[in-house]
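Engineer: Quick one, what's the 3D model for this:
(3 chains, ligands or ions: 6)
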Amino acid sequence: MADTVTKTTPDEPDTTPRAGHEFDTEARKQWKIVLRRFLRHRMAMISLSVLVLIVLAAIVMPWFLPYDHTYTGGGRYEDPGPDHPLGTDNLGRDMLAMLVRGTQFSLLIAVVVAAMATVIGVTLGAVAGLLGGWVDTLFMRLVDLWLIIPQLALVALAASAFGSSWYLVAIALGLFSWMSVARINRGLTLSLANQEFVEAARAMGASNTRIVVKHILPNLTGVITVNATLAVATAVLAEAALSFIGLGVNIPDTSLGLIINNNYAQLELRPWLFWAPFLVIVLISLTVNFIGDGIRDAFDPKQTKVRA
Amino acid sequence: MTTTAGDLLTVDNLTVEFPTDDGVVRAVRGVSFTLRQGEVLGVVGESGSGKSVSSMAVMGLLPRSARIGGSIRFRDTEIVGLGQRQLEKLRGNDIAMIFQDPMTSLNPVYTVGWQLSEAYRAHHRVSKKVAWAKAVEALELVGIPQPDRRAAQFPHEFSGGMRQRVVIAMAIINDPTLIIADEPTTALDVTVQAQVLETLLRIRDETSAAIMIITHDLGVVAGMADRVQVMYGGTVVESGQVDAVFEQPRMPYTVGLLGSIPHPDLLGKRLTPIKGAPPSLMNLPPGCAFAPRCPLAGPECDEAEPELVPVGVSGHTSRCLKWDELGGDDDSRELFEHDEIGAVENPASLTQADPELAVVEDVAEVEQRMAREEGSNP
Amino acid sequence: MTTAKTSPSDAAPAGADTGQPLLQVSDLVKSFPVRGKGIIPRTVGQVQAVAGISFDLRAGETLGLVGESGCGKSTTGRAILQLHRPTSGSVRFEGRELVGRTARQLRSVRRDMQIVFQDPYASLNPRWTVNSVVREPLEIHHSSWGDKRIQAKVNNLLELVGLNPEHRNRFPHEFSGGQRQRIGIARALALEPKLLVLDEPVSALDVSVQAGVVNLLEELQQRLNLAYLFVAHDLSIVRHISHRIAVMYLGKIVEIGTRDEVYGRATHPYTQALLSAAPLPDPKAERERQRIVLTGDVPSPVNPPSGCRFRTRCWKAQDICATEEPKLEARGEDGHLSACHFPEVRSRES
Ligand SMILES: Nc1ncnc2c1ncn2[C@@H]1O[C@H](COP(=O)(O)OP(=O)(O)OP(=O)(O)O)[C@@H](O)[C@H]1O
Ligand SMILES: Nc1ncnc2c1ncn2[C@@H]1O[C@H](COP(=O)(O)OP(=O)(O)OP(=O)(O)O)[C@@H](O)[C@H]1O
Ligand code: SF4
Ligand code: SF4
Ligand SMILES: [Mg+2]
Ligand SMILES: [Mg+2]
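Structural biologist: Numbers count the residues shown, from 1 in each chain, chains lettered A, B, ... in the order given. Ligands and ions are numbered 1, 2, ... in the order given. Below is the predicted model of the structure:
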């Protein structure tokens, strides 16, 4: 048509298809589309690479460092130098070795806690929201009950019974961080369950499991990822608090939270002792956050940030 | 395009494209029209021909992925390229839209009354109480029984037609000067439909608001609109005064459309839809978009897309090279007479592709049975 | 005339004389609790969305269901499919009682009864491509088919309802209203059900596509002996496709009969008002059309009027209408069922 002058933005190349194009449009699988959208999410991909680097570093670096976290032979508070790139702390431990070890533990704890909070919270929330009735009531009471159990006392009890270790801390933290996730997901599921597309699925004979997995969960990805991100960040910090009162990671092992706790007094004099672990925590939280955004956007077809 | 006094909305050469994975969807191509104060424009046409998309463009509501070209002027404001902030000021206050799917404009987690009063408070500085009262009043205006109780309910507790009336209430709560109604009465029964259309016309008479009404119900257009615009394949193919277009359609698509309407004469017979499938908006034919389905098509139709040219009566335009071959309206059904069912040439292909599909009765059996029945009760 | 060109005749449909009806609904009631305002929502009453309706539907037959918006048509459809558990009454499908069955027991029956929802946007998962939407019923019930066969069937269905292959990877929000409605139709046809509840299946389609879908439905009905419960507001479409028509008002059926009985010799005042309000697709005739204008408010289903539910708006109402509920029974000359104390055919040019 002659008079159609399109004012398109210049950076958009004209991708008018050739004749016959429509006939080779393949039906794509749902998960492939989601994966593709995720792979095209720039921030998520950058974050994923950074996170992978951090994880690799935490695993691989111990083999190449001259000292490990048990070494205490350095001087007290040495400044950074060729021998100790990040200096030493008050006990003469090599800060870089500590940092690597701390990252290992903090990541492990964060992953376990976030996974537990998400899996328990989302499953219970979605099931309660979908089934309603007495299941729902029971569930809400359970959450209330869980909230009033003194978390620290229980962890202390467990620690005295089984001896304290990182996985005990992680599991304990995980057991106490799913409640808010569950509440939010229950509320959302309740409103999703009332929507017609869920009814449509039911009309087709879909089982409850299928409805939760295929219909409810994809619509919850937004909150799930936000909450998982939060859980990672809070887990790192909560673990620090527990370690501080002697319930978490034991010396000579360490974690990022513990390092910060030990060194925040040196913020003025030797800022790197504080900032190095802090930076790693921030980096982990940020990358997890962006990856979460990427997952959310990949599941949300209305998101146009990723052009799929 | 020149703007004359009284012109409320001037759309000039509007184009909208959506880039997708499989290519660019050219949803709207070169649409131009004007709307005067107090005028009612009916927009009809093929499903997927860009009616909703062009009205969304006027509202500035297209998704970010859309590429928009051309110009849309509301009074003296150019809407294409307007910032979000200014659009929000126009939207809901000067221009109101009634959406096709009521649930897209209602939030499932808030009560209807809350949503209505928020819509009011977005443009008026009043207390929540006053806004709530206004919301109840608006619900009453669109004929919802027990509006005060209904206001406290959630959208899913309303029937389809009531949801649509809530959306209409939301649109008129701020007394807009341009109302775009996208299939406002599709979900309503005919008595309530009559009531809602009367409400819209009353608002038009009181405030001389212009109304653009998109609908598939040609009866609604016949009864309500001053002018009608027929869309096909992303563009306007015919427009003019309602009487002229209905009595002397000058575009084969319009003829086919009017001929598809169920009619008491057709009881016991198949309806006559237009043969063939709607065009792919990613892959339009070079000439007339309707050519693959047009009974009048000739080789000249494939050369270039015809222009929208004036035909016959003043203001009547058609995008067809052979408009003068279309005379009266009696021959429309003949023009499109064929055996086709649905969009597939041969519905038997359904059974061929899936041999296990149960065929309960053989066509021959049906024929025998029908013959018997016809014999027994003439 | 060949059979392929025949659509519903007024005579009983195929298979009408053989055994029991496919679907038997009797005294079906569905009420919803009404919650009051306040911090703790309390149930303050009941809406009887469906207030005791009964009808039969035979294989190969189409029952048109029309009536005021909000009168309970969609709720009826949902209650039949047990998507809303009926409050009381019985729904028998192929002789089996559905009311009271567990979700698990119902799942196998669901294959044979499908629904096309009224609101095409709300009934499609916004996160799913069209291809996955139409695949879903096949994946649930024919998981043994394997990917190739399921996909072939999906392609077929999409083609059948007139959607291009290019549409397959798109998401619901990328479609026009009519295209969405056709996705819903394709999905419902996927399992080749015996009963199809069509809740406004064509209202979002242009008249040409509408005609195509109606022809398709009629064709499928003749081939597969499907039964349709066809809910619509467009009276001319209902007239074209239905063998019998039921008119609902405020949760009750007020008149039911064959197409010609209801369209030609309606005896209930509400039916007459409804028929007179249908707009005509002809500007001149439309301007001259005489319409019965119903005055008065639509009563609330929470506390419906005593006696005849239509009496608050009926121009013929007498004292008896307030005290005695008119039964749905054979009235008038041709004896089709109507629920009015003063049944009368209104002279009306059609
Ligand atoms: N976000 C989008 N991405 C890609 N294509 C789109 C998008 N939105 C709409 N379309 C396409 O643009 C075309 C025009 O859509 P539009 O909603 O305007 O149709 P319509 O004329 O309103 O039809 P209906 O009468 O069925 O509502 C359709 O073919 C549709 O598939
Ligand atoms: N989930 C629900 N909770 C409470 N009330 C409901 C619910 N669903 C429907 N209703 C009420 O039941 C009545 C009948 O609704 P229904 O959707 O069946 O009407 P309908 O005849 O389909 O109307 P329409 O033609 O407008 O779609 C309405 O008053 C409605 O508000
Ligand atoms: S231009 Fe040709 S193909 Fe197009 S509508 Fe007119 S006659 Fe038909
Ligand atoms: S019973 Fe009475 S009120 Fe009801 S429809 Fe008949 S005349 Fe009107
Ligand atoms: Mg539309
Ligand atoms: Mg309904």
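
Engineer: C-alpha only now, for contacts and for neighbours.
Structural biologist: Noted.

Engineer: And the next helix or strand past the longest helix belonging to chain B?
Structural biologist: Ranked by number of residues, the top helix in chain B under DSSP state H is helix B:190-207. On the C-terminal side of helix B:190-207, the closest following helix or strand by DSSP states H and E is strand B:210-214.

Engineer: Show me what the helix or strand that that following strand is followed by is packed up against.
Structural biologist: Remark: after strand B:210-214, the chain's next helix or strand is helix B:218-224, criterion DSSP H and E. Helix B:218-224 makes packing contacts with strand B:40-45, helix B:242-247, helix C:283-288 when contacts are defined by 3 or more Cα pairs under 8 Å, 6 or more residues apart in numbering or on different chains; DSSP states H and E.

Engineer: Dump those to JSON lines, plus mean neighbour count, distance to ligand 6 and mean pLDDT.
Structural biologist: Conversion of the helices and strands packed on helix B:218-224 to JSON lines gives the following (neighbours: other Cα atoms under 10 Å in any protein chain shown; distance: least, Cα to the ion, whole Å; pLDDT from 0 to 100):
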{"stretch": "strand B:40-45", "mean neighbour count": "26", "distance to ligand 6": "24", "mean pLDDT": "95"}
{"stretch": "helix B:242-247", "mean neighbour count": "20", "distance to ligand 6": "31", "mean pLDDT": "90"}
{"stretch": "helix C:283-288", "mean neighbour count": "16", "distance to ligand 6": "26", "mean pLDDT": "82"}
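
Engineer: Format those as a markdown table; extra columns: distance to ligand 1.
Structural biologist: A markdown table is the format used below for the helices and strands packed on helix B:218-224 (distance: least, Cα to the nearest ligand atom, whole Å):
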| stretch | distance to ligand 1 |
| --- | --- |
| strand B:40-45 | 7 |
| helix B:242-247 | 19 |
| helix C:283-288 | 21 |
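
Engineer: residue in chain B nearest to chain A?
Structural biologist: Scanning chain B for proximity to chain A using Cα to the nearest Cα identifies residue B:69 as nearest, at 4.7 Å.

Engineer: And the stretch 201-350 of chain C, by the same measure?
Structural biologist: When distances are taken as Cα to the nearest Cα, the stretch 201-350 of chain C reaches nearest to chain A at residue C:201, 14.4 Å away.

Engineer: Can you give me the pLDDT of that residue?
Structural biologist: Residue C:201 is assigned a pLDDT of 89 by the prediction.

Engineer: Wait, a helix at residue C:212?
Structural biologist: Yes. Going by DSSP: H, G, I helix; E, B strand; the rest coil, the assignment for residue C:212 places it inside a helix.

Engineer: Tell me how many other residues surround it.
Structural biologist: When counting by other Cα atoms under 10 Å in any protein chain shown, one arrives at 28 neighbours for residue C:212.

Engineer: quick revisit: any idea how many residues pack against the residue of chain B closest to chain A?
Structural biologist: Residues near residue B:69, counting by other Cα under 10 Å, number 23.

Engineer: if I've got this straight, it is in a strand?
Structural biologist: Yes. Residue state for residue B:69 (three-state DSSP) corresponds to a strand.

Engineer: can stretch A:109-127 be found next to chain C?
Structural biologist: No. Judged by Cα under 8 Å from any Cα of the partner chain, stretch A:109-127 and chain C are separated, with a smallest distance of 15.4 Å.

Engineer: hang on, the earlier thing: what's the spacing between the residue of chain B closest to chain A and residue B:11?
Structural biologist: 11 Å (Cα to Cα, to the nearest Å).

Engineer: residue contacts, whichever residue of the stretch 101-250 of chain A sits closest to chain B?
Structural biologist: The minimum distance from the stretch 101-250 of chain A to chain B, using Cα to the nearest Cα, falls at residue A:191 (6.8 Å). Listed by Cα atoms under 8 Å, 6 or more residues apart in numbering or on different chains, the contact set of residue A:191 reads B:108, B:109.

Engineer: and residue 196, what does it touch?
Structural biologist: With no chain named, the answer covers chain A. Listed by Cα under 8 Å, 6+ apart, the contact set of residue A:196 reads C:122, C:123, C:124.

Engineer: try again with chain C
Structural biologist: Going by Cα under 8 Å, 6+ apart, the list of residues near residue C:196 reads C:113, C:114, C:115, C:116, C:188, C:226, C:227, C:228, C:229.

Engineer: I'd like to know which elements the host helix or strand of residue C:30 is packed against.
Structural biologist: Following DSSP H and E, the helix or strand that holds residue C:30 is strand C:23-35. Counting contacts by 3+ Cα pairs under 8 Å, 6+ apart, strand C:23-35 packs against strand C:43-57, helix C:73-80, strand C:88-93.

Engineer: re earlier: now the contacts of residue A:196 in a markdown table, please, with extra columns for secondary structure, pLDDT and distance to residue B:244.
Structural biologist: Output for the contacts of residue A:196, formatted as a markdown table (DSSP: H, G, I helix; E, B strand; the rest coil; pLDDT from 0 to 100; distance: Cα to Cα, whole Å):
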| residue | secondary structure | pLDDT | distance to residue B:244 |
| --- | --- | --- | --- |
| C:122 | coil | 85 | 38 |
| C:123 | coil | 89 | 39 |
| C:124 | coil | 92 | 40 |
